[in-house]
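Asker: okay, sequence plus prediction incoming.
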Amino acid sequence: MASAFVNTLVKDITNSATTLFTASASTQHVIIGLSIANTTTSSITMDVYITRSAVNYYLIKGASIAPGNTLVVVGADQKVVMVSGDVLKALSGTATSADASINHLDLT
């Protein structure tokens, strides 16, 4: 089984659901890091969740991020395994207010 460390970047998370990452059928994905940076001059709120079979499972809901700060949603000892069809999404309380960095280990 081959493996690769991958970094996915998403710019301008908005106030409608923004897809950060979608799990493919042929690969196992382990999210080993997920950071979201507030790119505005005001505090924002952030939701991050996984949609599986049309149901949302929140990793964090209504988290406040101060201006210029970063929220680490997944990191250190915490990992998130995504199965085929899972979609990792983020939703900000403010339009085009955040950028995300998703670090994942892909096993094929």
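Answerer: Sure thing, it's come through. Numbering: from 1, shown residues only.
Asker: any stretches of this structure with poor pLDDT?
Answerer: 1 (pLDDT under 70).
Asker: now the strands for it?
Answerer: 3-13, 18-22, 28-38, 44-52, 55-65, 70-74, 80-82, 87-92, 98-107 (DSSP state E).
Asker: identify each buried residue in the first one, please.
Answerer: In terms of neighbour count (16 or more other C-beta atoms under 10 Å), strand 3-13 has its buried residues at 10, 13. (C-beta placed from N, C-alpha, C; glycine too.)
Asker: can you name every helix or strand that it contacts?
Answerer: Packing partners of strand 3-13 (3 or more C-beta pairs under 8 Å, 6 or more residues apart in numbering; DSSP states H and E): strand 18-22, strand 87-92, strand 98-107.
Asker: out of these, deepest packed?
Answerer: strand 87-92 (a mean of 21; mean count of other C-beta atoms under 10 Å).
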